[in-house]
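S.K.: need coordinates for the below:
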Amino acid sequence: MFVSVDGTQAFVADGGQEFDAAKPSVVFVHGAGMDHTVWGQQTRYMAHHGFNVLAVDLPGHGKTPGDPLPTIEDMADWLNRFIDAAGAAPAIVVGHSMGTLVALEAAARKPDAVRALVLCGSSAQMGVHPVLVQAAEENRILAPELMSAWGHGPKAHRGGNIASGVWLIGGAVRLLERARPGVIASELKTCAAYTGAVAAAERINVPVMIVSGRYDKMTPVKAAAPLAAVLSDVRTHIIEDAGHMMMLEAQQETRRVLFDFSRAVTAVD
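M.R.: Sure, this is the predicted structure:
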């Protein structure tokens, strides 16, 4: 479906169920250069088990037109306008990587729009390797290849997909290849430039779940510790067999953690 935000039609994957205002809503926010498809396994399950699901393509991604927004703060303000336009407030916001920074900033800026947060692959500061930035600036295939290789743990490098015959890392490369020219480079630099994660976390009073992959090289487990230290209501979960792309590497465990947490904060049976 599409939701009009600032006069632009933002694409939203709804998990195959129509929006029901009587149900609690879960908004999924993808990472740099990605789109709603990374959440496919989790969104469909939750949509059929008591929740409205809105996996949105940020501006300039997937099926949403326009240019990528230049800062995390701009993305957070856009996300809050999206939640209002969709009639989803207060929403559980689930972010991955860059999406966790957007979720934190959005919740800090507009507390009444957010019921709870799930931060998958988060970090108080997201540094980016200069080789990766250069490859992305030159729109070389090396950038998707590096992000996919670094973003998956050892199990995924040996196979590891619950769907027989589907190559996790190859699929991630293809997804990132679809990003429009300049988007990956822009957003890698945007993530590296953002320094407000801890300050945002200090202003958040809703329940937060931090989900980390044991083998995450991009946002290691310890990188989320400064956020956990200042959040007022925080839980953590480490997925042992996953890296940064846990929702693809450990689809079922990620789904279970998201669903159990969302059910706990909304009392959905």
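
S.K.: gap between stretch 242-254 and the chain center?
M.R.: 12 Å (Cα atoms, centre = their mean, to the nearest Å).

S.K.: pull the residues that contact the helix or strand where residue 100 lies.
M.R.: Take DSSP states H and E as the rule and residue 100 turns out to sit in helix 98-109. Contacts with helix 98-109, where a contact means Cβ atoms under 8 Å, 6 or more residues apart in numbering, come from 28-32, 58, 72-73, 75-77, 79-80, 83, 93-95, 113-114, 117, 119-123, 126, 187, 190-191, 194, 196-197, 199-201, 203-204, 206, 227. (Glycine included, C-beta is placed from N, CA and C.)

S.K.: show me what contacts residue 206?
M.R.: 107, 111, 114-117, 233.

S.K.: are any of these buried, and which?
M.R.: 107, 114-117 (16 or more other Cβ atoms under 10 Å).

S.K.: CA atoms only for the helix or strand encompassing residue 258, dumped as CSV, please.
M.R.: Using DSSP H and E, the element containing residue 258 is helix 251-266. Taking Å, rounded to 0.1, in the frame of the first residue of the first chain, the C-alpha atoms of helix 251-266 are listed here in CSV:
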residue,chain,number,x,y,z
GLN,A,251,14.8,-15.2,10.7
GLN,A,252,12.9,-17.3,13.2
GLU,A,253,14.7,-16.1,16.3
THR,A,254,14.5,-12.5,15.3
ARG,A,255,10.8,-12.9,14.6
ARG,A,256,10.3,-14.6,18.0
VAL,A,257,12.1,-11.8,19.8
LEU,A,258,10.2,-9.0,18.0
PHE,A,259,6.9,-10.7,18.5
ASP,A,260,7.3,-11.6,22.2
PHE,A,261,8.5,-8.1,23.0
SER,A,262,5.7,-6.4,21.0
ARG,A,263,3.1,-8.7,22.6
ALA,A,264,4.5,-7.8,26.1
VAL,A,265,4.3,-4.1,25.6
THR,A,266,0.8,-4.2,24.0
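
S.K.: which of the residues in it are buried?
M.R.: 251, 253-255, 257-259, 261-263, 265-266.

S.K.: need the helix or strand of the chain with the lowest average pLDDT.
M.R.: Lowest on mean pLDDT, DSSP states H and E among the helices and strands of the chain sits helix 154-157, with a mean of 84.

S.K.: quick one: list the elements packing against it.
M.R.: helix 168-177, helix 246-249 (3 or more Cβ pairs under 8 Å, 6 or more residues apart in numbering; DSSP states H and E).
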